[in-house]
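S.K.: need coordinates for the following:
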Amino acid sequence: MATTTTQEEDRLVATAERIIKNLRTSKDVTDDMLLILSSFDNRLSNISKIIGCNPTVANADDMSRLESDEKVILRHVRSCSTHLFDINSSVNESCEFLAAIDRILDLLANADADSTAKDDTQIISRAESVIQSAMSKLEDELRRILARSAIPLDVDNLRGSMHRVTLSFVSHDDDLIDKEFRSFDNQNFHERGGSIVGEVSLNLVNPDVISDLREIAARMIRGGYEKEYSRVYSIGRRDVLEEYLANLGFERLSIEEVHRIEWTDLDEKMKRWVQALKILVRMILTEEKRLCDQIIDESSTLIRDVCFVEATKRCIMQLLDFGEAVAIAKRSPEKLFRILDMYEALSGTSPYIEVLFCNGSGNPLCSEAKGVLDSLGRAAKKTFLEFENAVKNEASKRPVIGGGIHPLARYVMNYVKLIVDYSETLNFLLEPDAKEVENQAQNRVESVDGDDQPGEKSFLGHNLRSLINSLELNLEEKSKYYDNRGMQYIFLMNNRLYIVQKVKDSELRELLGDGWIKKQRGIIRKCSMNYLRASWTKVLACLKDEGIGGVPSNNFKMSIKERFKKFNACFEEVYRTQTAWKVPDLQLRTELRISISEKLIPAYRSFLGKCDFQLKSGRNVGQYLKYTTEDLDACLADLFEGTPCIINHMRRKSSQSRHFQINAMQRFLYCSCFADVSV
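M.R.: Numbering: from 1, shown residues only. Predicted coordinates:
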């Protein structure tokens, strides 16, 4: 039975072959006959394969559908005045256009790649031509959507999310600064780069176009136009991101321009760089990556990465190029804090950069960012270390009027106080390498008076001690520009106490240690003793009892008279000179007056007692006995105010109203209150 059925099928096929052969002269008749035969019996459904005749019924249907889809696509391609994905456009039109593309792509996907039949080749060629036109239209639509759907950047809102810290840089305390010291007056404040606080909602494109962009991406990538898609998408988004960067206040500059720019302008650009980097990487590019992932299907990861990297790398490179230019520029002390801001900003955004770019196409950007970070770190370290040399070699020779605080001391200590805010970063940057550790071990000096050596995390403390030591050595050299030795010690006390107070009242105390402070106080006490010897030895010598005593005589009377005259002259000279000297610190000023009083007043009182008989019996005593102990104590109240005074005859008469006598209990209270800064 099965054999009979097979024979019947063979006869049927043979009959069909003869009919087809006779009808081959007419293409239309052949197509009609093939359609009739293929629908007549399912046993003839594969007749084309059996007889090897083209085009088949399937080809005919494909061509018919292709022609229909071609009309749809070309109608939209040729209509330059309408856009498929506008808000006002018909959704049906865009759906119709995309559906036609999908059908043609299906046709090409199902086409027999090995087919060499003429009609098959024509269909494929025609389909590819239509797809090329469709992709060109999609490119235009993509370019237009990217250009028109970008949302302007709300710069004020983004900057408002930055937390800023303003730090005092130089304080003059109302001192008159001589022209020679103007170099210390070039920076009044330092505004540290802020950190992002909280998350800010950020949309880079209109959410309504996301689905359209996704549809376009899917068709172009499926159609093999991923390079064209990447190019259009990357350029479109790149232009938007560069506009964002400009809105953030960052201006692209060449290395030569960065090196030529004045510091005031450069400082502002460095500050904007810090803000722009943080906002761009941590907010804008993070959202840009999310946008890219939304638009391009996860099955096209490579294309995703390429599009994102190509769209963003120029913005990143502009920032990195500026950072490198700053790192290799000429170093100066005022740049340190801004370089540290840049270093910390780039260090803080490095994890984001690694997440965003550490893939095949983004690896070079990660490497570039790391290189710039290292360059900024080296620049900060060298700038800090070179600052010590600048302090050590600062060569202004004009002494400060009145022996007050030198502008160099103010500048350095305010500078150093700011450094504390970067202690963690500088500790890391100042950590010595193996060679530096070896050199330090050879040159290490043992601690003195409890001046503890820095621990393993006190690299900054070690360098700050060295820096302040250089400052003090320079100040000692500057003290020699004063002719009066007493004033030299006043100058040193003023400046050393200023340094100690700056350390004691800030976080510098933790870095330098209480041992360092104790050592500095000992030096100040020594300066105080040296001052007393230098300024008051000659005055006190007039009150010695040498040559006083025995039986009163004319020579004895003359000796007493001359001794008082000499004392008066010496005291008035010291008074005239040292009222012009300036001791800004109230505690130090009071203690110096007490120290003088404790030596001068008892000696004067003792001298008066030994001369008491002569004074009582003598005539015209008022001509040489000009001062009482109360007068002298009152005069001491005028010392170190920075205003030169001259004692006149009226002073003694009014001395009781200006009495400054300090009894034992008062001295005790002063010393107790000022013990913390005792000299």
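S.K.: drop to CA atoms for contacts and neighbour counts, all remaining ones
M.R.: Fine.
S.K.: please identify the buried residues of the one helix or strand L600 maps to?
M.R.: Counting by DSSP states H and E, the element that carries L600 is helix 586-610. Counting neighbours by 16 or more other Cα atoms under 10 Å, one finds that the buried residues in helix 586-610 are 587-594, 596-597, 600-601, 603-604, 607-608.
S.K.: list the helices and strands it packs on?
M.R.: Applying 3 or more Cα pairs under 8 Å, 6 or more residues apart in numbering; DSSP states H and E, one finds that helix 586-610 contacts helix 514-541, helix 629-636, helix 664-673.
S.K.: export the shortest one to PDB, keeping only CA atoms.
M.R.: So that's helix 629-636. C-alpha atoms of helix 629-636 as PDB (Å, rounded to 0.1, in the frame of the first residue of the first chain):
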ATOM      1  CA  THR A 629      58.600 104.700  94.400                       C
ATOM      2  CA  GLU A 630      55.000 105.300  93.500                       C
ATOM      3  CA  ASP A 631      56.100 107.500  90.600                       C
ATOM      4  CA  LEU A 632      58.400 104.800  89.300                       C
ATOM      5  CA  ASP A 633      55.700 102.200  89.500                       C
ATOM      6  CA  ALA A 634      53.300 104.500  87.700                       C
ATOM      7  CA  CYS A 635      55.900 105.100  85.000                       C
ATOM      8  CA  LEU A 636      56.300 101.400  84.400                       C
END
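S.K.: so how far is it off the chain centroid?
M.R.: 57 Å (Cα atoms, centre = their mean, to the nearest Å).
S.K.: switch to numbering from 50
M.R.: With 50 as the first residue, the last one maps to helix 678-685.
S.K.: other SSEs contacting it?
M.R.: Helices and strands touching helix 678-685, by 3+ Cα pairs under 8 Å, 6+ apart, are helix 635-659.
S.K.: hmm, 10 Å instead?
M.R.: Under the contact criterion of 3 or more Cα pairs under 10 Å, 6 or more residues apart in numbering; DSSP states H and E, helix 678-685 touches helix 603-627, helix 635-659, helix 698-703.
S.K.: redo those as TSV? Include mean pLDDT and distance to E526.
M.R.: TSV is the format used below for the helices and strands packed on helix 678-685 (pLDDT from 0 to 100; distance: least, Cα to Cα, whole Å):
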stretch	mean pLDDT	distance to E526
helix 603-627	86	21
helix 635-659	92	22
helix 698-703	42	39
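S.K.: lowest-scoring secondary structure element of the chain by mean pLDDT?
M.R.: Within the chain, no helix or strand scores below helix 713-722, which has a mean of 40 by mean pLDDT, DSSP states H and E.
S.K.: hmm, who's touching the one helix or strand E306 maps to?
M.R.: Assigned by DSSP H and E, E306 falls within helix 304-309. Contacts with helix 304-309, where a contact means Cα atoms under 10 Å, 6 or more residues apart in numbering, come from 301-302, 314-315, 318, 370-375, 377-379.
S.K.: can you list the buried residues in that helix?
M.R.: I304, V307, H308.
S.K.: do stretch 531-542 as well
M.R.: Buried residues in stretch 531-542, counted by 16+ other Cα under 10 Å: Y531, R534, G535, M536, Q537, Y538, I539, F540, L541, M542.
S.K.: the fourth one - that's part of a helix, no?
M.R.: Yes: checked against DSSP: H, G, I helix; E, B strand; the rest coil, M536 lies within a helix.
S.K.: what pLDDT is listed against it?
M.R.: Looking at M536, its pLDDT reads 95.
S.K.: how close does it sit to E347?
M.R.: Separation of M536 from E347 (Cα to Cα, to the nearest Å) stands at 79 Å.
S.K.: do the second one as well
M.R.: For R534, the distance to E347 (Cα to Cα) stands at 82 Å.
S.K.: quick one: the helices in the stretch 450-599 of the chain?
M.R.: With DSSP state H, counting those that start in this stretch, the ranges of helices along the stretch 450-599 of the chain come out as 456-468, 472-478, 483-492, 508-528, 534-553, 557-561, 563-590.
S.K.: with the stretch 250-399 of the chain instead?
M.R.: 259-271, 275-296, 304-309, 312-328, 335-344, 350-377, 385-406.
S.K.: now for the fifth one, which elements pack on it?
M.R.: Under the contact criterion of 3+ Cα pairs under 10 Å, 6+ apart, helix 335-344 touches helix 259-271, helix 275-296, helix 350-377, helix 385-406.
S.K.: ok so, going back, quick one: closest of the helices and strands packed on helix 635-659 to G691.
M.R.: Of all the helices and strands packed on helix 635-659, helix 678-685 sits nearest to G691, with 13.2 Å by Cα to Cα.
S.K.: pLDDT on that closest one, on average?
M.R.: 92.
S.K.: one more: stretch 413-427?
M.R.: Averaging pLDDT along stretch 413-427 gives 95.
S.K.: so how far is it from its chain's centroid?
M.R.: 15 Å.
S.K.: again with stretch 353-368
M.R.: 23 Å.
S.K.: need the helices of the stretch 450-599 of the chain in a markdown table (columns: distance to G285).
M.R.: A markdown table is the format used below for these (distance: least, Cα to Cα, whole Å):
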| stretch | distance to G285 |
| --- | --- |
| helix 456-468 | 44 |
| helix 472-478 | 39 |
| helix 483-492 | 50 |
| helix 508-528 | 48 |
| helix 534-553 | 55 |
| helix 557-561 | 52 |
| helix 563-590 | 61 |
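S.K.: can I see the domain layout of the protein?
M.R.: For the chain, automatic domain parsing gives the domain ranges 51-172, 286-437, 443-581, 591-726.
S.K.: contact partners for S283?
M.R.: Per Cα under 10 Å, 6+ apart, neighbours of S283: R192, L195, E277, V289, V355, C356, F357, V358, E359, A360, T361, K362.
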